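A.B. asks: Okay, here's the prediction I keep looking at, along with the sequence it came from:
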Amino acid sequence: MSMSMNVHRWARLVRVITILAVVSVSLYAPVAPIAIAASSNSVPTKLPLRHIADVPLSGRATRFDYESADPARHLLFIAHLGDGEVVVFDTDANRVVATIPDVAQVHGVLVVPELGRVFASATGTNEIVAIDEKTLKVVARMPGGSYPDGMAYAPEVHKLYVSDETGKTETVIDTTTTRRVATIALGGEVGNTQYDSVSHHVFVNVQTRQQLIEIDPTKDAIVARIDLPGAKGNHGLLIVPNLRLGFIACEGNDRMLVLDLQTKRVSQSFDVGADPDVLAFDSSSHTVYVAGEQGMTSIFEADAKGVRHLADGQVGPNAHVVYVDAKTHYSYFPLKSVEGRPMLRILAPQ
């Protein structure tokens, strides 16, 4: 055997050993969460959005519900209903930074940055769970009715308002004492709850009465029952204070109603994707997102001239929850299962 042949064989052997070592490390070393870039054919072509990434979420492939963010901290809190925990996602680092357990069947989640608190409705134990935003630890548990769901915070009175869906009431919690201070009978099955920073009132869907209830937080009293002609199963709710508009998603007939908050009348009505649930608003672009249970999202433009339908399109399986960052314009859709695992789908305007 010649010297040159020995050198070449030895070089090949070294390369093989190096490759095997790399493969061995990759198989057994812990893998950090990474963003998976989207392929061009996975973009929802009928929407004016491009697919930024799919990022793996923690836990099992079970249902997600509401999400809420603290933009200053770049933290997105996602209710992982099926796993009974709140997932904390860093929108700057694009990864899960924590999971908060023991929030049974968590439906609603609401960040109140001025309090440094995150509130979550644990429907499995009929509690409202308070979480410290810095330590990400549970600091209090409060009674939330018989089926706590959506929540809104009224800052002037330091009160949290909680939809008790099957209890047909609104539960009121004093956030300074973490005690329930009132229960307001609404007379029907309750949908989502929102706060209006202009009127300083709280609005609540009563989906079996086709009404929107207006509550004065200083008295914890109903001041108006607003009829919603054309509504059926009015569950989702979004209040846009500066436009004096309310957006109401009706899961019973796949409609979105636009409510003029000055006249307290429905001013427009639109068809949307099947089983509409969560609504979100990009305050910079004045864009409304309506996410549906069947994966369809409807997008609208809203300004002083009115509301205009822009597009409908598939986002992903069970994409019924959406949050939009008004600074980056990125939209975040937690998906129950993409190829068997939970995923956060991130989109941006084209």
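C.D. replies: Nice, I can see it. Numbering: from 1, shown residues only.
A.B. asks: going forward, measure contacts between C-alpha atoms and count neighbours the same way
C.D. replies: Fine.
A.B. asks: residues touching the residue sitting nearest the centre point of the chain, list them.
C.D. replies: Nearest to the mean C-alpha position of the chain, by CA atoms, centre = their mean, lies E67 at 2.8 Å. Residues in contact with E67, defined by CA atoms under 8 Å, 6 or more residues apart in numbering, are 76-79, 108-110, 321-323.
A.B. asks: Equivalent analysis for I346, please.
C.D. replies: Neighbouring residues of I346 by CA under 8 Å, 6+ apart: 51-55, 330-333.
A.B. asks: Out of the residues you listed, grab the one that's most surrounded.
C.D. replies: Counting neighbours by other CA atoms under 10 Å, F333 comes out on top of these with 25 neighbours.
A.B. asks: Check the secondary structure at it for me.
C.D. replies: strand (DSSP: H, G, I helix; E, B strand; the rest coil).
A.B. asks: does it have beta-bridge partners, and which?
C.D. replies: Beta bridges link F333 to R345 when assigned by DSSP bridges.
A.B. asks: and it, what does it touch?
C.D. replies: 319-323, 344-346.
A.B. asks: how far away is it from L57?
C.D. replies: Applying CA to CA, to the nearest Å, the value for F333 to L57 is 11 Å.
A.B. asks: anything in contact with each of those two?
C.D. replies: Residues touching both F333 and L57 (CA under 8 Å, 6+ apart) are L344.
A.B. asks: quick revisit: output the contacts of F333 in CSV, with pLDDT and distance to V162 appended to each entry.
C.D. replies: Listed next are those as CSV, based on pLDDT from 0 to 100; distance: CA to CA, whole Å:
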residue, pLDDT, distance to V162
A319, 97, 24
H320, 98, 20
V321, 98, 19
V322, 98, 20
Y323, 98, 20
L344, 98, 26
R345, 98, 28
I346, 98, 29
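A.B. asks: Farthest-apart pair in those residues, please.
C.D. replies: Comparing every pair within the contacts of F333 by CA to CA identifies H320 and I346 as the most remote, at 13.8 Å.
A.B. asks: beta partners of the nearest residue to R265 once chain neighbours are set aside?
C.D. replies: Nearest residue to R265 in three dimensions, chain neighbours excluded: L259, at 5.6 Å (CA to CA, 6 or more residues apart in numbering). As for beta bridges, L259 partners with G246, V266 under DSSP bridges.
A.B. asks: Was I right to think L259 contacts A249?
C.D. replies: No. L259 is beyond contact range of A249, at 11.1 Å (criterion: CA atoms under 8 Å).
A.B. asks: Compare those two (neighbour count), which wins?
C.D. replies: More neighbours surround A249 than the other of L259 and A249, with 33 against 22 (other CA under 10 Å).
A.B. asks: can you tell me which helix or strand the more buried one belongs to?
C.D. replies: For A249, the element it lies in under DSSP states H and E is strand 245-250.
A.B. asks: for the stretch 101-250 of the chain, which spans come out with low pLDDT?
C.D. replies: Within the stretch 101-250 of the chain, not a single segment meets pLDDT under 70.
A.B. asks: which residue ranges form the helices in it?
C.D. replies: Assigned by DSSP state H, counting those that start in this stretch, the helices in the stretch 101-250 of the chain number zero.
A.B. asks: residues contacting G273?
C.D. replies: Neighbour list for G273: 254, 291-292, 294-298, 312 [criterion: CA under 8 Å, 6+ apart].
A.B. asks: any idea which of the contacts of I346 is the one closest to K232?
C.D. replies: Distances from K232 to the contacts of I346, taken by CA to CA, are shortest for F333, at 25.0 Å.
A.B. asks: any idea which helix or strand comes after the helix or strand A311 falls within?
C.D. replies: Per DSSP H and E, A311 falls inside strand 306-314. Next along the chain after strand 306-314, taking DSSP H and E as the criterion, comes strand 323-324.
A.B. asks: quick one: strands adjacent to that next one?
C.D. replies: Using DSSP bridges, strand 323-324 pairs in its sheet with strand 331-338 (antiparallel).
A.B. asks: quick check, distance from the partner strand to the centre of its chain.
C.D. replies: The chain centroid and the centroid of strand 331-338 are separated by 10 Å, computed with CA atoms, centre = their mean, to the nearest Å.
A.B. asks: go on, stretch 75-84?
C.D. replies: Using CA atoms, centre = their mean, the offset of stretch 75-84 from its chain centre is 9 Å.
A.B. asks: same thing with stretch 91-101?
C.D. replies: For stretch 91-101, the distance to the chain centre is 15 Å (CA atoms, centre = their mean).
A.B. asks: end-to-end on it?
C.D. replies: 21 Å.
A.B. asks: Show residues contacting that stretch.
C.D. replies: The contact list for stretch 91-101 (CA under 8 Å, 6+ apart) reads 33-35, 55-58, 74-76, 84-90, 136-138.
A.B. asks: and the host helix or strand of F77, average pLDDT?
C.D. replies: Secondary structure assignment for F77, by DSSP H and E: strand 75-80. Across strand 75-80, the average pLDDT comes to 98.
A.B. asks: Around the closest residue to the residue nearest to the centre of the chain other than its chain neighbours, count how many other residues there are.
C.D. replies: Sequence neighbours aside, I78 is the residue nearest to E67 in space, at 4.3 Å (criterion: CA to CA, 6+ apart). Other residues within reach of I78, judged by other CA under 10 Å, total 30.
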